[in-house]
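In: here is my input; please provide its structure:
(chains A and B)
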Number of protein chains: 2
Amino acid sequence: MFNNVTIVGVGLISGSFALALKEKGLAKHIIGVSRTRESEQKALKLGLIDEALPLKEAIQKSDLIYVAIPVDVTIPMVTEILDQINDWQIVADAGSTKMALCKAVQLHPNRHRFVATHPMWGTEYSGPEAAIHHAFTGRSCVICEKELSDADALQKIENIYNNLGMHLVYMAPDAHDVHAAYVSHISHITSFALANTVLEKEKEEDAIFDLAGGGFESTVRLAKSNPAMWAPIFMQNRENVLDVLNEHIVQLRKFKACLEKENYDYLIELMENANKIKRILQ
Amino acid sequence: MFNNVTIVGVGLISGSFALALKEKGLAKHIIGVSRTRESEQKALKLGLIDEALPLKEAIQKSDLIYVAIPVDVTIPMVTEILDQINDWQIVADAGSTKMALCKAVQLHPNRHRFVATHPMWGTEYSGPEAAIHHAFTGRSCVICEKELSDADALQKIENIYNNLGMHLVYMAPDAHDVHAAYVSHISHITSFALANTVLEKEKEEDAIFDLAGGGFESTVRLAKSNPAMWAPIFMQNRENVLDVLNEHIVQLRKFKACLEKENYDYLIELMENANKIKRILQ
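Out: Residues are numbered from 1 along each chain as shown, chains lettered A, B, ... in the order given. Next up, the predicted model:
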């Protein structure tokens, strides 16, 4: 049980994290740090946080500082927080990329108080209003470079995620970023591109609305995601994302060739191969 | 209320349709026609049908014959059924393409007893076991060439779909196929291709399984769909599907170029444009 926890960012992940901490009795008092007064007020009103404070004051009061903001600003933010903490305080982040951050803080004298995490949960919504109860449960949470975190810090963070019902997975930051490109980042790019495809080609919006039952909603859902969050993820992980994106274009071209050449047998073969994903996703 | 309804095919759509007819008190007795004895037995055991009969006998006994089988075999099947019916019987189909079928039956002397429909509902599963209660509700159902169906036949089919809680939309077959390519067929192709991409690149299946919370499941769900159902759809609608697929590859290449050139501003712009899909899908 933490007495005071600061969440930096008061949005989807941090807000849901704050709600979960309270629900599970893991934190007495939650302090919110936000760039805007408007978000602070919303977070207070929604009961995500008990108090809004400037960063410096928040750090001074807190046992745990949890950073969940876009990955580009996470790096200077975590560095700034590590600069200011004492040896009993813990810092953790929730970013969707881990390589750049882990590298940036690698030599920081307080690196040992930091735990690099990525809870694999999210929705296409953002901001304080997007925070929900019972998030995270049943999902995986990646922890990177656990050997660089102090045992007490690691254990307390693991304890939180375990209490939230998450399945802990340990990976090196580079492995995390490769896998995240495959199973998360590429899905977002295909969704954004699919939305643009349909918006470009389908001028009758009523038809999209009327007919969207046919599988469109689930594949395009992620296209509602926040660009300010996703652009930095794609940029930080651009080599892995490009690698997967190139392969995806190759795979789409195979479908295209089948249709152009009316090669029914190969079309069936491509789909039967795709069906193998059933083995992995029940 | 129909006395006897025959469903041709005893799978996801026909099975769910049969369950709904019984639930809503719209049919007294349901006859199943299937290619295989195994499916008939499953459908009987699952209570989807009351009786399994050969096609000819089933037609003779039925007020309504509802065809929900892959779109390539739908054409000869609907033709064969129209050959055998009397002037009080009704035939309808549930196929995902409408152009080829409507054209094929256009000059049939019994065309006026046929109603061409496409209920926009489905899941990635197939077979009798995939049939579920309360399917269709809240979704759209397209009816094509309603002017070519007798008023009584049209009205009875509209009545069924209305009772199932569907929203009726009327379209020409060519318009239906264009819109279906945009909002349904392309989503399936991208999902199949995405599954193949990840299966090709990600050799660690455990990692897919562990990390799939990050949006992957919803975009790849449709890749579990039945190739025997989807290959004929893509082939019948190949010109429209190719048109949308080409545009989709163009859109993906824009993301690729942004990443290659590290053009952050254009990347944001592409995603902000994709966000407009929110306007259409709430």
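
In: setting aside sequence neighbours, what's the nearest residue to A:Ile49?
Out: A:Gly32 (3.5 Å; CB to CB, 6 or more residues apart in numbering or on different chains). Using the backbone N, CA and C atoms, a C-beta is placed for each residue, glycine as well.

In: where's that neighbour relative to A:Glu205, distance?
Out: A:Gly32 sits at a distance of 38 Å from A:Glu205 (criterion: CB to CB, to the nearest Å).

In: now do A:His134
Out: As judged by CB to CB, A:His134 and A:Glu205 stand 34 Å apart.

In: and for A:His108?
Out: As judged by CB to CB, A:His108 and A:Glu205 stand 50 Å apart.

In: what does A:Gly9 give?
Out: Distance of A:Gly9 to A:Glu205, given as CB to CB: 34 Å.

In: the two: which is more packed in?
Out: Neighbour tally, A:Gly9 and A:Glu205, criterion other CB atoms under 10 Å in any protein chain shown: the higher count belongs to A:Gly9, 26 against 14.

In: so that one touches A:Ile65, yeah?
Out: No - judged on CB atoms under 8 Å, A:Gly9 makes no contact with A:Ile65 at a distance of 11.1 Å.

In: helices of the stretch 51-200 of chain A, start to end?
Out: Per DSSP state H, counting those that start in this stretch, the stretch 51-200 of chain A carries helices over the ranges A:55-61, A:71-84, A:99-105, A:151-163, A:173-180, A:186-201.

In: I'd like the ones you listed as CSV, with mean pLDDT appended.
Out: Shown next, in CSV, are the helices of the stretch 51-200 of chain A (pLDDT from 0 to 100):
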stretch, mean pLDDT
helix A:55-61, 98
helix A:71-84, 98
helix A:99-105, 98
helix A:151-163, 98
helix A:173-180, 95
helix A:186-201, 92
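
In: three-state assignment of A:Leu48?
Out: What DSSP: H, G, I helix; E, B strand; the rest coil gives for A:Leu48 is coil.

In: for the residue most central in space within chain A, give me the backbone phi and psi.
Out: In chain A, the C-alpha nearest the mean C-alpha coordinate belongs to A:Ser96, at 4.4 Å (CA atoms, centre = their mean). Per-residue torsions, A:Ser96: phi -80, psi -10 (degrees, to the nearest 10).

In: so it makes contact with A:Ser184?
Out: Yes - with contact defined as CB under 8 Å, A:Ser96 counts as touching A:Ser184 (6.9 Å).

In: pretty sure A:Thr6 sits in a strand.
Out: Yes - when the secondary structure is assigned by three-state DSSP, A:Thr6 falls within a strand.

In: measure it to chain B for me?
Out: When distance is defined by CB to the nearest CB, to the nearest Å, A:Thr6 is 25 Å away from chain B.

In: now do the same contact list for that residue.
Out: Going by CB atoms under 8 Å, 6 or more residues apart in numbering or on different chains, A:Thr6 touches A:Ile30, A:Ile31, A:Gly32, A:Val33, A:Leu53, A:Ala58, A:Ile59, A:Lys61, A:Ser62, A:Leu64, A:Ile65, A:Tyr66.

In: which residues does A:Phe136 contact?
Out: Counting by CB under 8 Å, 6+ apart, A:Phe136 has contacts A:Ser16, A:Phe17, A:Ala20, A:Pro119, A:Trp121, A:Tyr161, A:Leu164, A:Gly165, A:Met166.
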